[in-house]
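Participant: Provide a 3D model corresponding to the input given below.
(one chain, ligands or ions: 1)
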Amino acid sequence: GRKVKKIMVGTNLTSVVEFILLGFSDLHNFQGFLFGIFLIIYVSILIGNGLIILVTKVFRALHTPMYFFFGNFSFLEICYTSVTLPNILTNLWTHDRSISFLTCAIQLCFLLILGSTECLLLTVMAYDHYVTICKPLYYPLIMSHKVCVQLVVGSWTTGIPVMIGQTYHVFSLPFCDSNKLDDVFCDIFPLLKLACSDISVIEFSVYVVAVLFVMTPFILIIRSYVKIITTILKLPSNTGKYKAFSTCSSHLIVVILFFGSATITYSRPKSNNSGRTDKILSLLYTIVTPMFNPMIYSLRNKDIIEALKKLLQWLGSSSI
Ligand SMILES: *[C@@H]1O[C@H](CO)[C@@H](O)[C@H](O)[C@H]1NC(C)=O
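Facilitator: Coordinates of the predicted model:
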């Protein structure tokens, strides 16, 4: 049972079998309040992104590569938040902060895989905008349905072997000092902090993987946008410029949100004691994009607004 496990951990003789996610445990009086806030956030992420998936699947006008990628991206956002938020909610509700070794490993693995998918899918979407604006005549040729499916499947699968390897590497480290993870979910750096052996090799491999799966996509996205913006600036009419830019501005905002919050989260100084701000930041990074993604697209995109209107009308009329 749980008691036995804790005694074993407490004596330091055996290695850790479960972790305690400290989370927001210092905010004793606000557990219910936090539960409410996170529940609202999670439900709004599910509804917002769920609606986007629905309209991109149902409406023929949205059966284009751009919305195919976008629908899949919304699906990814649901998966991504479902790795962390349900667990955070349960912990707040039950006041039980323990997480088994295996659950923690699975959580980290999915977090890494879906994180890499997110970077790659955002790159695919940037490439799609690049072809739309810079090579419009070749668009149907380049973005055939087969290519779109291949790009999406590639985004989902490329990270899998690498991230399973990373997770295996992290969890084969000896954890013997403490099992108290000072975070709200099993993230890689808080875990490395607890390891009681040399972590320089794995730290190096984390940076290599970050360069491959975060930096490279980011550079490719920037490159696409440099080309997109130079092309737009050369367009003769202002309406043309406006139309072209409004196509990709939603995506650009999502890119800035995602990479911006990720950079803020991971570039904070490692040495200082991670406080409440750090935890809020690490949550920010996992929650902000999924939450604002549907809003940004629905507020800025006429096709999506039209489709949502039709959907709501249909729902309204069928419920009467
Ligand atoms: C998104 O793509 C993945 C990988 O191809 C697939 O498994 C998933 O069902 C897709 N989701 C949606 C909503 O299209």
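Participant: now stretch 42-49: mean pLDDT?
Facilitator: Mean per-residue pLDDT for stretch 42-49: 96.
Participant: And that stretch, what's buried?
Facilitator: Buried residues in stretch 42-49, defined by neighbour count with 16 or more other Cβ atoms under 10 Å: 42, 45-46, 48-49. C-beta coordinates here come from the backbone N, C-alpha and C atoms, glycine included.
Participant: other SSEs contacting the host helix or strand of residue 31?
Facilitator: Assigned by DSSP states H and E, residue 31 belongs to helix 31-58. Contact here means 3 or more Cβ pairs under 8 Å, 6 or more residues apart in numbering; DSSP states H and E; on that basis helix 31-58 packs against helix 65-94, helix 276-300, helix 302-319.
Participant: so, in contact with the ligand or not, the second one?
Facilitator: No: when contact is scored as Cβ under 6 Å from any ligand atom, no part of helix 276-300 falls within range of the ligand; the minimum is 13.5 Å.
Participant: Quick check: mean pLDDT of that helix?
Facilitator: Helix 276-300 comes out at a mean pLDDT of 82.
Participant: What's the first helix or strand after the longest helix seen in the chain?
Facilitator: Counting residues, the longest helix found in the chain (DSSP state H) is helix 101-134. Later in the chain than helix 101-134, the nearest helix or strand by DSSP H and E is helix 139-142.
Participant: any idea how far that following helix is from the chain center?
Facilitator: Here helix 139-142 is found 29 Å from its chain centre; the criterion is Cα atoms, centre = their mean, to the nearest Å.
Participant: quick one: the helix or strand following that helix to helix 65-94, angle?
Facilitator: Where DSSP H and E defines the elements, the next helix or strand beyond helix 139-142 is helix 145-157. Using axes from the mean of the first three to the mean of the last three Cα atoms, to 10 degrees, the direction of helix 145-157 lies 30 degrees away from that of helix 65-94.
Participant: Just list what helix 145-157 packs against, helices and strands only.
Facilitator: Helices and strands touching helix 145-157, by 3+ Cβ pairs under 8 Å, 6+ apart, are helix 65-94, helix 101-134.
Participant: Would it count as contacting the ligand?
Facilitator: Yes: for helix 145-157, a contact with the ligand is found by Cβ under 6 Å from any ligand atom, at 152-153, 156.
Participant: could you give the mean pLDDT of that helix?
Facilitator: For helix 145-157, the per-residue pLDDT averages 97.
Participant: thinking again about what came up before, what about the helix holding residue 31 and the ligand, touching?
Facilitator: Yes: using Cβ under 6 Å from any ligand atom, helix 31-58 reaches the ligand at residue 53.
Participant: Can you list the buried residues in that helix?
Facilitator: 31, 34-35, 38, 41-42, 45-46, 48-49, 51-53, 55-56.
Participant: related to what we said a few turns ago, angle of the longest helix of the chain against helix 65-94?
Facilitator: Using the same axes, to 10 degrees: helix 101-134 against helix 65-94 is 150 degrees.
Participant: Just checking helix 101-134 against the ligand, any contact.
Facilitator: No: taking Cβ under 6 Å from any ligand atom as the criterion, helix 101-134 and the ligand are apart, separated by no less than 8.7 Å.
Participant: need the contact list for residue 31.
Facilitator: 24, 92, 95 (Cβ atoms under 8 Å, 6 or more residues apart in numbering).
Participant: mind running it again at 7 Å?
Facilitator: 92, 95 (Cβ atoms under 7 Å, 6 or more residues apart in numbering).
Participant: try residue 155
Facilitator: With Cβ under 7 Å, 6+ apart, residue 155 has these contacts: 117, 120-121, 124.
Participant: Chain neighbours aside, what residue packs nearest to residue 143?
Facilitator: In space, and not counting its chain neighbours, residue 143 is closest to residue 65: 4.5 Å by Cβ to Cβ, 6 or more residues apart in numbering.
Participant: Tell me if I'm right that the one you found and residue 147 touch.
Facilitator: No: Residue 65 is beyond contact range of residue 147, at 8.3 Å (criterion: Cβ atoms under 7 Å).
Participant: Neighbour count: the two, which is higher?
Facilitator: Neighbour count, other Cβ atoms under 10 Å: between residue 65 and residue 147, residue 65 has more, with 23 against 12.
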